[in-house]
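Novice: have a look at this prediction, sequence included:
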Amino acid sequence: MNRDWNDFKSIHSNIAGAREAFENACETLFRKVYTGKHVSQVKVKQGDGGIDVFVGELGVEPITVIQCKFFLETFEESQKSQIRDSFDTALNSGKFELKEWILCLPRIIDIDENSWWFKWKHKKITENAKGVDFIQLTNGNKLIDLLKEHNLYNSVFEMEDSLKIAEIHQTIVGKKPITVDIKVKPRVVLFNNYSLVNEPYYFQRKEDEEFNKSLEINNVWLFGHSGFGKTALINRNLLVNNVEYCYCDLSPINILKSGDVLDELLNAIEEQFSLTRTFPADNKIKQIIQTLYKAGHRKFVIVIDELSVTDSDLLKQIVKDLNNLVTHFCNYSDQDDLKFVVSTITDPNKILEANYKASDYFQFISCNQWDGLLEKLFHLLNDSLQLQLIDYKDLIIEKAKNSPRTLKSIFRKILLLKKQDSESINQAIHLTITEVV
């Protein structure tokens, strides 16, 4: 049984989960490739220098920058623009000197795409008086070969469980008897990004039913504190109900203006539908709507997730633009099967003015209601992981402060410490609380 990068999206439930897992896989791989060197991802924030993964001691010596672009289905002008921007940002960073720049793609580019790549590469090499290896491309096949060479393929593509199932099958059909010890993996129970394999460990609330009913008749706007389950709720209910959706993940984006959100949404739609914008970009909202028209009639959901902006004026403009986008689309389109789902930390009702009439086009759902439910989630996690934490239940729930994310983090720390005594529980809680942002 073999898997390739086309399986990554289904393994990780959506394009956003696959993109994050792709970056993690690249970091893990290049740690093996550059044994003895410092290899690390960089937390996304404004001014990060355009780095996904780097090799070397940043600020001390020239570094290798590894840019991970999960362009699986399309390689059009939008993707090429992202590549150019990422390279220019790394090259012109004042925080480090660039030794070499490596682009990792999960796909194999065709003859026209190769032509563009080599023309752009040699143009940049000539402009900056660099050697031919200053800019490199590692495609999907080479990445898989390297993963196999360094014994990482099975773990990256989650082959272990499939291999165990194959062993069990052999036993059932009469092969030699074997003993297979299958225990649930903690990361499956304590998941961050939901996929169908996590379903037995997903805690359903009334908000799940409300979401599904609301989406049948209107667009949906979820809001709630960070770590209170908005993203998991969206992914879970769309996957369980087999709803096709386009996921626009805003978490990696440095949002400086409302147009940045609309740009990322347009990129996500183009990637999902394999479309390319062919009209002026003076009005991004109209451009998005025209692109959706080109996609044709189909039952589909556009998800705009991880909109976490602290600047109140900027957030107000973004919320207004998203409301205008949905309002304009609903007013002038007969595509009743296409719905929008928006997720924000801030309650949109506190931002939108009455004259926007957002309630005509959205059902608003708060995800903040965890009062009395965290105890049930505690029992689900404790039983699934076969832990003995009942005596510490009240303390753990109190310190989790009504946050399912914090509760899961405490469980992870307890598992890492490998002890379930009072001292270890308090240490796990302390470590978690000091890490919570």
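Specialist: Done, it's in. Numbers count the residues shown, from 1 in each chain.
Novice: from here on, contacts and neighbour counts on C-alpha atoms
Specialist: Noted.
Novice: looking at this, residue 306 is in a strand?
Specialist: Yes: the assignment for residue 306 by DSSP: H, G, I helix; E, B strand; the rest coil puts it in a strand.
Novice: that one reaches residue 252, doesn't it?
Specialist: No: using CA atoms under 8 Å, residue 306 makes no contact with residue 252, being 9.1 Å away.
Novice: where in the stretch 51-200 of the chain is pLDDT low?
Specialist: Where the stretch 51-200 of the chain drops to pLDDT under 70, the residues are 159-183.
Novice: follow-up on the earlier one: neighbour count for residue 306 and residue 252, which is higher?
Specialist: residue 306 (19 against 13; other CA atoms under 10 Å).
Novice: what residues does that one make contact with?
Specialist: By CA atoms under 8 Å, 6 or more residues apart in numbering, the residues touching residue 306 are 231, 249-251, 343-344.
Novice: equivalent analysis for residue 138, please.
Specialist: Contacts of residue 138 by CA under 8 Å, 6+ apart are 102-105.
Novice: go again with 6 Å.
Specialist: Counting by CA atoms under 6 Å, 6 or more residues apart in numbering, residue 138 makes contact with residue 104.
Novice: ok, it to residue 241 distance?
Specialist: Distance check for residue 138 against residue 241: by CA to CA, to the nearest Å, it reads 37 Å.
Novice: would you mind listing the buried residues in the helix or strand hosting residue 85?
Specialist: Assigned by DSSP states H and E, residue 85 belongs to helix 77-91. For helix 77-91, burial by neighbour count (16 or more other CA atoms under 10 Å) applies to 78-79, 83, 86-87, 89-91.
Novice: what does stretch 20-39 give?
Specialist: 21-32, 39.
Novice: buried residues, the lengthiest helix in the chain. List them.
Specialist: Criterion DSSP state H: the longest helix present in the chain is helix 312-332. Buried residues in helix 312-332, defined by neighbour count with 16+ other CA under 10 Å: 315-323, 325-327, 329-330.
Novice: not counting sequence-adjacent ones, nearest residue to residue 339?
Specialist: Residue nearest to residue 339 in three dimensions, not counting chain neighbours: residue 301, with 4.8 Å by CA to CA, 6 or more residues apart in numbering.
Novice: can you pull out the helices in the stretch 51-200 of the chain?
Specialist: Using DSSP state H, counting those that start in this stretch, the helices found in the stretch 51-200 of the chain span residues 77-91, 111-127, 140-149, 153-156, 160-172, 186-189.
Novice: for residue 59, which of the ones you listed is the nearest?
Specialist: helix 77-91 (13.2 Å; CA to CA).
Novice: and that closest one, what other elements does it pack with?
Specialist: For helix 77-91, there is no helix or strand it packs on, judged by 3 or more CA pairs under 6 Å, 6 or more residues apart in numbering; DSSP states H and E.
Novice: can you tell me the element residue 221 falls in?
Specialist: Counting by DSSP H and E, residue 221 is found in strand 219-223.
Novice: neighbouring strands of that strand in the sheet, and parallel or not?
Specialist: Strand 219-223 sits in its sheet next to strand 338-344 (parallel), strand 362-366 (parallel), going by DSSP bridges.
Novice: hmm, back to that, and the angle for the longest helix of the chain with strand 338-344?
Specialist: 170 degrees (axes from the mean of the first three to the mean of the last three CA atoms, to 10 degrees).
Novice: for residue 371, helix, strand, or coil?
Specialist: Following three-state DSSP, residue 371 is assigned to coil.
Novice: how far away is it from residue 401?
Specialist: Residue 371 sits at a distance of 10 Å from residue 401 (criterion: CA to CA).
Novice: give me the more crowded residue out of those two.
Specialist: A direct count of neighbours by other CA under 10 Å for residue 371 and residue 401 places residue 401 higher, at 14 against 10.
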